[in-house]
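>>> with the input below, show me the fold.
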Amino acid sequence: MPAHPAAHGLDQAAPDRTGAAAETGDPNLWRRRLRHDIRHELGTIIMLASAVAVADDVGATSRERIEQLLGETRWLDHLLRRLDGDGPGERGHEHALPVPERIRVDCLTAEVVTGMRLATPHEVRFAGGEAWAHMDPVALWRALRNVLDNACRVAAGRVDVQVTADRGRVTVQVDDDGPGFGAGSGGLASLGLGIVHDLISEYGGGLEIRTGAMGGARVRILLPSAPPAEAVPAAVSADDWRPHP
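Below you'll find the model as predicted:
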């Protein structure tokens, strides 16, 4: 039979709540501690997944999925670092707008498509040639994920993604065969597209929403293009894409 708390000099009626009281009185402290724990758990997941990815008893297909999982967790780590203030923040949230980088839009889009293919039963097609833009990669990743999430949520069975570069502009076009924007519940879709608009417009881009060729919604992310670099592949396929190490 376990000893009564009083036998060890503990006051059961008045436990020590110094830490809890501090968190209750300081919401910023509570958030920092919660973020610390989330970062710790995320690091554990990355460590375990990395160990499985190099294990001898893992097949090629499972290894590919684990590598994609690692890619997703790294993006989540980027978001947490941004939230913690370890990296540049976003305008209107106590930090300056992140400095844009020169990035391959087709490569980043292909990475997002690959992740969505593993998370949805729908067919997700991708086509894209070399396309460069000046953009914060985390902001673009967030924008792409929101648009693809919306499309896969409402699609009947297919989503088409295309990246093109023409006349100083890069376009990421997402078509789905769902009921069309506004035909159903707009809650999550409206919130996601609002996020996309804010993220893209900060870098001189735009967002277009209309009816697509498949009868569903067509969402186009428009970005000012950057000049191409030398000695890079001319095109990328989501079938061959692997996340950055």
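>>> for the chain, what's the longest helix?
helix 27-53 (DSSP state H).
>>> list the contacts of the spatially most central residue of the chain.
Residue closest to the average C-alpha location in the chain (CA atoms, centre = their mean): Arg142, at 4.5 Å. Residues in contact with Arg142, defined by CB atoms under 8 Å, 6 or more residues apart in numbering, are 79, 195-196, 199. For glycine as for every other residue, the C-beta is placed from the backbone atoms N, C-alpha and C.
>>> thinking again about what came up before, quick check: what element follows the longest helix of the chain along the chain?
Going down the chain from helix 27-53, the next helix or strand is helix 60-84, by DSSP states H and E.
>>> helices or strands next to that next one in the packing?
Counting contacts by 3 or more CB pairs under 8 Å, 6 or more residues apart in numbering; DSSP states H and E, helix 60-84 packs against helix 27-53, helix 105-119, helix 137-154.
>>> buried residues in the longest helix of the chain?
39, 46, 49, 53 (16 or more other CB atoms under 10 Å).
>>> test my guess that the second one contacts Trp75.
Going back to what we said before, that points to Ile46. No. The criterion here is CB atoms under 8 Å, and Ile46 misses it with Trp75 at 11.5 Å.
>>> mean confidence for stretch 224-242?
Across stretch 224-242, pLDDT averages out at 61.
>>> ugh, wrong one, stretch 113-123
Rounded mean pLDDT across stretch 113-123 is 88.
>>> which residues sit against that stretch?
For stretch 113-123, using CB under 8 Å, 6+ apart, the contacting residues are 65, 68, 71-72, 124, 126, 148-149, 152, 155, 157-159, 161, 238, 241, 243.
>>> could you do stretch 67-76 as well?
42, 45-46, 49-50, 53, 111, 114-115, 118, 138, 141, 242-244.
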